[in-house]
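Trainee: Could you work out the structure for the sequence below:
(2 chains)
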Amino acid sequence: MRTVVVVPAFNEQDSVGEVVKRIAAAGLPAVVVDDGSTDSTAVEAETAGARVLRLPVNIGVGGALRTGFAYAVGKGFERVVQVDADLQHDPSLIPALLEAADHTGAELVIGSRFAAGDYAVSGVRRALMRMLARLVSRTVGSELDDVTSGFRVISQPLLRRFAADYPTEYLGDTVEAILLAHKHGATVAQVPVEMAPRSSGSSVSRVHAAGQLARVLFAMAVRSWGRNPS
Amino acid sequence: MGEEPLVSTAAQILVLGIAGIALVLIVWLVRRGSLKERFALVWTAIGVGMVALALLRPVLDRLSENLGIESGTTTLFLIAILFLLGLVLHLSVIVSRLEEKVRDLAEAHALAEAAHQDGKSNKFEATVRPTDDG
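Mentor: Just a heads-up that it's a prediction; the model follows:
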């Protein structure tokens, strides 16, 4: 299967080059979507050998991903690996992730840090993530521990759907995307993967996170996520 | 019935003054091109409505009595707040729509730029063209 790695990046000039190099070392092409960065993210990514898509303004991870998906579909790729630009996910684990994903046969495969065991997250956050995971798992009908993970594999035909429509707000690009995949009739599975703790700088503030969590719960309550296969 | 008017003259003058200033501001903004006529019309309509209510004291007074509100000024404020809430909701819808449009535009721009560059260099195609990956 023709596979490409899509890396959404917003002001990650210190890590994006290394991410791209490790992707190349894994033998895969990299597309970095620069989400309106104000630093030299795009230049670093290009120097490291990535194809760079430049968003003229910052529109959020979901928008960056949709751009990457659309580009991948346009280039005839059948499978996209989504990786963060901050080295939270080690791109050298991509081949292992792809192999595990193949075994599941699912169109959306989520690399789960909790399924892998000892990933440390503070109490309240962990409890909320667990609650979200349980809610999503019940809706989707498949056991998912880590619904906010941004280390994923998306295959056709779901990829084409995501290229056309993908949620953009915080938690929308992770949690809602899983529900959207389910709505489109795609199967969702998870595989365990090791992750580095998130660098504190890029993490959102608590108040903001709480607000976004409320938004996602509201979206889940209001919208229908029933299966709607074409 | 010989009752005291429920809206004081001072309040009337205040409302008229504010409405007048608002009207001047609206016309000025439209002339400068910083306010669309569509919004100007909405604001003018609201302004005219407020002035009418302030001037037509008996109407406002009777409305207040029927609603069980003691002060006509309160009724005026109530109506104003309802209008404003409606308008703010309307603006939120517009902002949501604009956000979506900006997103679509930004993405389309990034893809168009990439297509343009790919057309010139073929660099990315060349690196991914081989069909040997599993």
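
Trainee: Now stretch A:196-211: average pLDDT?
Mentor: For stretch A:196-211, mean pLDDT rounds to 62.

Trainee: so how far is the first residue of it from its last?
Mentor: 25 Å (C-alpha to C-alpha, to the nearest Å).

Trainee: try stretch A:84-104
Mentor: Note: stretch A:84-104 ends 22 Å apart using C-alpha to C-alpha.

Trainee: neighbouring contacts of that stretch?
Mentor: Here stretch A:84-104 makes contact (C-beta atoms under 8 Å, 6 or more residues apart in numbering or on different chains) with A:3, A:5, A:7-10, A:12, A:15-16, A:18-19, A:22-23, A:25-28, A:32, A:41, A:79, A:81, A:83, A:109, A:111, A:150-151, A:153, A:155, A:187, A:189, A:191, A:193-199, A:202. C-betas here are computed from N, CA, C, even on glycine.

Trainee: Which parts of it count as buried, going by neighbours?
Mentor: For stretch A:84-104, burial by neighbour count (16 or more other C-beta atoms under 10 Å in any protein chain shown) applies to A:84-91, A:93-94, A:97-98, A:100-102, A:104.

Trainee: residues touching the residue lying closest to residue A:219 once chain neighbours are set aside, list them.
Mentor: Leaving aside its sequence neighbours, residue A:219 sits nearest to residue A:176 (C-beta to C-beta, 6 or more residues apart in numbering or on different chains; 6.3 Å). Contacts of residue A:176 were listed using C-beta under 8 Å, 6+ apart, and they are A:167, A:216, A:219-220.

Trainee: what pLDDT does residue A:176 get?
Mentor: 89.

Trainee: Give the other helices and strands that whichever strand or helix holds residue B:92 contacts.
Mentor: Element membership of residue B:92 [criterion: DSSP states H and E] is helix B:72-121. Applying 3 or more C-beta pairs under 8 Å, 6 or more residues apart in numbering or on different chains; DSSP states H and E, we find helix B:72-121 packed against strand A:51-55, helix A:61-74, helix B:9-32, helix B:37-55, helix B:57-67, helix B:123-128.

Trainee: want to throw the ones you listed into CSV with mean neighbour count, mean pLDDT and distance to residue B:92?
Mentor: Output for the helices and strands packed on helix B:72-121, formatted as CSV (neighbours: other C-beta atoms under 10 Å in any protein chain shown; pLDDT from 0 to 100; distance: least, C-beta to C-beta, whole Å):
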stretch, mean neighbour count, mean pLDDT, distance to residue B:92
strand A:51-55, 25, 94, 24
helix A:61-74, 25, 93, 20
helix B:9-32, 13, 84, 21
helix B:37-55, 15, 80, 14
helix B:57-67, 15, 83, 28
helix B:123-128, 15, 49, 40
